[in-house]
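*Asks:* pasting a predicted model and its sequence here:
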Amino acid sequence: MGWRYHYEAASVLRDIFSSMKNRLMLVKHRFNLTAEGVHIQQRLTGCEVLGDGQPAVIMFTDSSDGQDADSRMYNMMHFTNASGDRWEIQWSTMKRMHFQMLYSNIYLPFCVRTLYHLVDYEKRQVAHRVRPRVCFITKPVMGGAQVTCLATDFYPRHINLTPLNNRPVHDSELTGGLVLPNGNGFYQVRTKMMVGDEELKKKHNYTCTASHLSLDNRLEVS
């Protein structure tokens, strides 16, 4: 999203932070919280697009020192304020109009745009396909060799990777196989098997085979 969106996001966050700071000061004054120590103001906020021509809804709930203070829900049809058990908030007509304008023109449109942006991002992530890079590694060890199939930089995470020895290798002969994050948004996995000296003398052709959503056919590296 463009610089206008990021500028608006910064403005909204600054306004929310200022509002929460002022609310905590009001709570401390209301309940005479003069003791030293840390006081915590929390806010849970979000929006919901109802669809079928119904208006979007935005809401928030404030909490002071772990106790509900007040909550607000707004859509284009009604605006409600629900006070917590600890205190009541008196709203003047001017203050109510101020919040209605704030929510109608800034908070609600911004939240809905953000929600659609995140939904679109998740859809693109679900449809994203990246082919694995597969390599075959052999390492001499006592009594034979360790054969490793390695697949890196693939997405999504589900993959079937196995070494073949002129035949499918049984799971009991394999170690590893756990899919891990690659540190760059993609994934990696490796499977290992031991090949004894007697098997090495037969000079079988070993193959790494990978099946993945990004591949039309199986990928094989011999």
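*Replies:* Looks like it arrived, so ask away.
*Asks:* run through the bridge partners of I137.
*Replies:* T148 (DSSP bridges).
*Asks:* quick one: contacts for it?
*Replies:* Counting by C-beta atoms under 8 Å, 6 or more residues apart in numbering, I137 makes contact with V147, T148, C149, L150. All C-beta spots, glycine's among them, are computed from the backbone N, C-alpha and C.
*Asks:* surely R43 meets M20?
*Replies:* Yes: counting by C-beta atoms under 8 Å, M20 is a contact partner of R43 at 5.5 Å.
*Asks:* which neighbours do the two have in common?
*Replies:* What both R43 and M20 touch, as defined by C-beta under 8 Å, 6+ apart, is the set D62.
*Asks:* surely E199 and V169 touch.
*Replies:* No: between E199 and V169 there is no contact under C-beta under 8 Å: 11.6 Å.
*Asks:* comparing the two, which residue is more hemmed in?
*Replies:* Using other C-beta atoms under 10 Å as the criterion, E199 and V169 rank with V169 on top: 17 against 14.
*Asks:* circling back: between the contacts of I137, which is closest to D15?
*Replies:* Set against D15, the nearest of the contacts of I137 by C-beta to C-beta is L150 (50.0 Å).
*Asks:* my guess is that closest one contacts T138. True?
*Replies:* No: using C-beta under 8 Å as the test, L150 is too far from T138 to be in contact (11.6 Å).
*Asks:* so the two - more neighbours on which side?
*Replies:* The neighbour comparison of L150 against T138 (other C-beta under 10 Å) goes to L150, with 19 against 12.
*Asks:* hmm, who's touching the helix or strand containing T191?
*Replies:* If you go by DSSP states H and E, T191 is part of strand 187-196. Contact partners of strand 187-196, identified using C-beta under 8 Å, 6+ apart, comprise 141, 143-157, 159, 161-163, 165, 169, 173-182, 206.
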